[in-house]
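*Asks:* just coords:
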């Protein structure tokens, strides 16, 4: 789990300092392996002291992948610590707090690294960081095959209801 207090202004211009928490469990990590690897690659390519020109496609891919990770990881822990509720994800996405979080993480790579270290289960961190293309392809193919299987199941269910 990773928690930080984010200073931001709401849409009325009022200043806030709001704690926000992020966490991914193992199941979510495997589901997001391509996006996580993309962000690790991005961070690795920016370790050099000399800046390089970035294509619009590179920036857009990083932003899209990171946004997905941030939205998947956001949540609120229950007081008893048994649950990390993520039901308000869409409200979070529409908030000034989400905008401030995205700007903070995109403009402060060291904070992005802290986030990744905090949200990834310790036993999976190195595996995700060092995943090779075949592992990512396998995870992506699994997602596609799972989706295809679910579509086939739903079609069969609809067909049986039509008879």
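*Replies:* Received, thanks. Quick caveat, the model's predicted, so the values are computed rather than measured.

*Asks:* show me where pLDDT drops low in this structure?
*Replies:* Within the chain, the ranges that satisfy pLDDT under 70 run 46-54, 131-155, 157-158, 161-163.

*Asks:* Tell me which helix or strand the residue most central in space within the chain sits in.
*Replies:* By C-alpha atoms, centre = their mean, the chain has its centre lying nearest to residue 69, at 0.6 Å. Residue 69 is part of helix 56-73 when elements are defined by DSSP states H and E.

*Asks:* what's that helix packed up against?
*Replies:* Counting contacts by 3 or more C-beta pairs under 8 Å, 6 or more residues apart in numbering; DSSP states H and E, helix 56-73 is packed against helix 26-31, helix 33-45, helix 89-93, helix 96-107, helix 109-119. Just so you know, the C-beta spots here come from the backbone N, C-alpha and C atoms, and that holds for glycine as well.

*Asks:* picking up where we left off before, who's in contact with the nearest residue to the residue nearest to the centre of the chain once chain neighbours are set aside?
*Replies:* Of all residues not flanking residue 69 in the chain, residue 35 sits nearest, at 5.5 Å (C-beta to C-beta, 6 or more residues apart in numbering). By C-beta atoms under 8 Å, 6 or more residues apart in numbering, residue 35 lies in contact with 65-66, 68-69.

*Asks:* Hmm, residue 20 and residue 104 touching each other?
*Replies:* No. Counting by C-beta atoms under 8 Å, residue 104 stays clear of residue 20, with 9.9 Å between them.

*Asks:* residues bridging contact with these two, i.e. touching both?
*Replies:* Here residue 104 and residue 20 share the contacting residues residue 6, scored by C-beta under 8 Å, 6+ apart.

*Asks:* So for those two, which sits in the more crowded spot?
*Replies:* residue 20 (21 against 17; other C-beta atoms under 10 Å).
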